[in-house]
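> sequence-free structure coming up:
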Ligand SMILES: [Zn+2]
């Protein structure tokens, strides 16, 4: 039951995002009403499973205050900046052994460790070699602008060796014999532009802007991905060298996300 609603919600989300992309490519005009997920029944998730992956992260320096915790009334600025097709692919229906894949979607949060523009330029570069191919679905700039890079129905290459340990147990999918299994087949990857003092490999930095948190919450509020399936690259990584998004305020972010009426049944 829950699966069916997630798929219907996702379908609505994809259509909404595609129409957003088309709209923003034409002109910066007001967006059509796209909160189709608000008509869906709440999704039931097991109690106590939400937040456990992100909540344990230490808050960043730019903590959200109570007055910041308001659902954003107007959509943020949105720009379509599609990646070169070599940097993404189709989502697979079966894994490398022919097993039918039924994973629900997860959202994976990242940071760019560079400017938004340099990340976009990298994704626009043609990468014929598999090992060079990289992408996120969306990127959120310091000013809150959302850049749509890979269409949501496609498979972005946002994570390498990875597993999602969620309410349904460990989930990972192998689709290529040359690479370890990963979450990419069922992931929606969103990256936050790193602050100026974070263009390095230190463990923390000054954190993300309120505009970034607001846009991230707005974007995820368009989906029916439950809180318990919103995670970080650090949490899913099995290589041991991914820390992103560093200095992410998970507690403040989820408080912000839950201000959206469409999220009320999704928090578990
Ligand atoms: Zn990452």
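The structure has been received and is ready for your questions. Just so you know, these numbers come straight off a predicted model, no measurement behind them.
> Who are the contact partners of the closest residue to residue 237 other than its chain neighbours?
In space, residue 237 comes closest to residue 162 once its chain neighbours are excluded; the distance is 5.6 Å by Cβ to Cβ, 6 or more residues apart in numbering. Every C-beta, even on glycine, is put in place using the N, C-alpha and C of the backbone. For residue 162, the contacting residues are 172, 181-184, 233, 236-238, taking Cβ atoms under 8 Å, 6 or more residues apart in numbering as the criterion.
> Specify which member of those is nearest to the ion.
Sorting the contacts of residue 162 by how near they are to the ion, with Cβ to the ion, puts residue 233 at the top with 3.4 Å.
> quick one: that closest one and residue 109 touch, right?
Yes: in this structure, residue 233 sits in contact with residue 109. The criterion is Cβ atoms under 8 Å, and the distance is 6.9 Å.
> Report pLDDT for the residue nearest to residue 237.
If you check residue 162, the pLDDT there is 97.
> Please apply the same query to residue 178.
Residue 178 carries a pLDDT value of 89.
> next one: residue 74
The confidence metric pLDDT takes the value 81 at residue 74.
> Please apply the same query to the one 5 residues further on.
In the predicted model, residue 79 carries a pLDDT score of 95.
> And the strand or helix carrying it, what does it pack against?
Remark: residue 79 resides in strand 78-80, with elements defined by DSSP states H and E. Based on contacts counted as 3 or more Cβ pairs under 8 Å, 6 or more residues apart in numbering; DSSP states H and E, the elements that strand 78-80 packs against are helix 2-26, strand 146-148.
> Residues in contact with the last one: which ones?
By Cβ under 8 Å, 6+ apart, the surrounding residues in contact with strand 146-148 are 17, 20-21, 24, 76-82, 116, 120, 137-141, 215, 218-219.
> just checking, next helix/strand downstream of the strand holding residue 79?
Using DSSP H and E, the helix or strand that follows strand 78-80 in sequence is strand 88-90.
> where does whichever residue of the stretch 51-200 of the chain sits closest to the ion land in three-state SS?
When scored by Cβ to the ion, the stretch 51-200 of the chain has residue 110 as its residue closest to the ion, at 3.3 Å. With DSSP: H, G, I helix; E, B strand; the rest coil as the basis, residue 110 sits in strand.
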